[in-house]
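Colleague: Generate a structure from the sequence data that follows.
(4 chains)
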There are 2 protein chains.
Amino acid sequence: MVEYRDTELDRTLAALADPTRRAILARLTEGDARVTEVAAPFEMSLNAVSKHLKVLEGAGLVRRDVRGRDHWLSFDGAPLTAASDWIDHYRRFWEGRLDALARFLRDNKANKERRKDK
Amino acid sequence: MVEYRDTELDRTLAALADPTRRAILARLTEGDARVTEVAAPFEMSLNAVSKHLKVLEGAGLVRRDVRGRDHWLSFDGAPLTAASDWIDHYRRFWEGRLDALARFLRDNKANKERRKDK
DNA sequence: ATTATATTCAACACTATGGTTGAATATAGA
DNA sequence: TCTATATTCAACCATAGTGTTGAATATAAT
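Modeller: From the prediction side, this is the model:
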């Protein structure tokens, strides 16, 4: 009884958390491909890859263009914006703290030097 | 029989994919807190939050400082770098494609105008 | 028409995840 | 010492995720 709505961000991050799926995206940035082509390099079954593709599609990271019996897949980076924004916000926060720490240490050292000079 | 090694990136992204855990991180950027304090605003049990904290700790996103019976938790943004880098790479790739498309459309329109002018 | 190819669907198994409750442990305070 | 507080540990449950195989479907090619 969890009652919680999967947001787009949830789906995007969950999709990206799997290394197979990230590899699929990497493949698709080199050019559109059919399911069989995408699946070829992987050691798992075609069906397993097909499932991963559905997850990526569900997250909006992959588009599918059905032409006859071939399904042409392409990368869609649009959902990355939200994920990137979220992470970068916290990353910047963190780096800001590190900078503040560095400043503090530097100033503190300067103070010590001054004290020594007296 | 999957035989695949969880990379740090996998753990980071998986940790971030849960909205409760992202909320916990948000809370911790406002200041270090004990487990009880972190858990207070959530509608789930303390134990559930404790588990989420362990996931975040396992991903290196949360540090724990045990002082007596209190566990002080703090945000650690270091693992975000790899995640941010990965996503930004693909985001830039994607935006580059959009730019190229925009250029193409603009030039194409210019061509049409020129043709019309003849 | 028959056969081959591309892909999904369905059923199953196993593991992981996210939650619960109750007990255990460790520290703090009276 | 006794009691209250902070936290984890352990067992359990339900659901979701990732993989498998075999059958179904749709299109293409001979």
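Colleague: Do any residues in stretch A:99-106 lie close to chain B?
Modeller: No. Residues of stretch A:99-106 contacting chain B under C-beta under 8 Å from any C-beta of the partner chain: none, with a closest distance of 12.1 Å. Backbone N, C-alpha and C define where each C-beta goes, glycine included.
Colleague: Restricting to C-alpha, output that stretch in PDB.
Modeller: Extracted in PDB, the C-alpha atoms of stretch A:99-106 (Å, rounded to 0.1, in the frame of the first residue of the first chain):
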ATOM      1  CA  ASP A  99      35.600  25.700  -1.600                       C
ATOM      2  CA  ALA A 100      34.400  27.200   1.700                       C
ATOM      3  CA  LEU A 101      36.500  24.700   3.500                       C
ATOM      4  CA  ALA A 102      39.500  25.400   1.400                       C
ATOM      5  CA  ARG A 103      39.100  29.100   2.000                       C
ATOM      6  CA  PHE A 104      38.800  28.500   5.700                       C
ATOM      7  CA  LEU A 105      41.900  26.400   5.800                       C
ATOM      8  CA  ARG A 106      43.800  29.000   3.800                       C
END
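Colleague: I'd say residue A:44 and residue A:18 touch.
Modeller: No. Residue A:44 is beyond contact range of residue A:18, at 11.7 Å (criterion: C-beta atoms under 8 Å).
Colleague: Neighbour count: those two, which is higher?
Modeller: residue A:18 (17 against 12; other C-beta atoms under 10 Å in any protein chain shown).
Colleague: Who are the contact partners of the more buried one?
Modeller: Residue A:18 sits next to A:52, A:55, B:10 when contact means C-beta atoms under 8 Å, 6 or more residues apart in numbering or on different chains.
Colleague: Where does the first one sit, in terms of helix or strand?
Modeller: In the assignment (DSSP states H and E), residue A:52 maps to helix A:46-58.
Colleague: Could you check that helix against DNA strand D for contacts?
Modeller: Yes. Using C-beta under 7 Å from any atom of the strand, helix A:46-58 reaches DNA strand D at A:47, A:48, A:51, A:52, A:55.
Colleague: In PyMOL, how would I select the buried members of those?
Modeller: Entered in PyMOL, the line below selects the buried ones among these, by 16 or more other C-beta atoms under 10 Å in any protein chain shown:
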select buried, chain A and resi 52+55
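Colleague: Many thanks, I have nothing further to ask.
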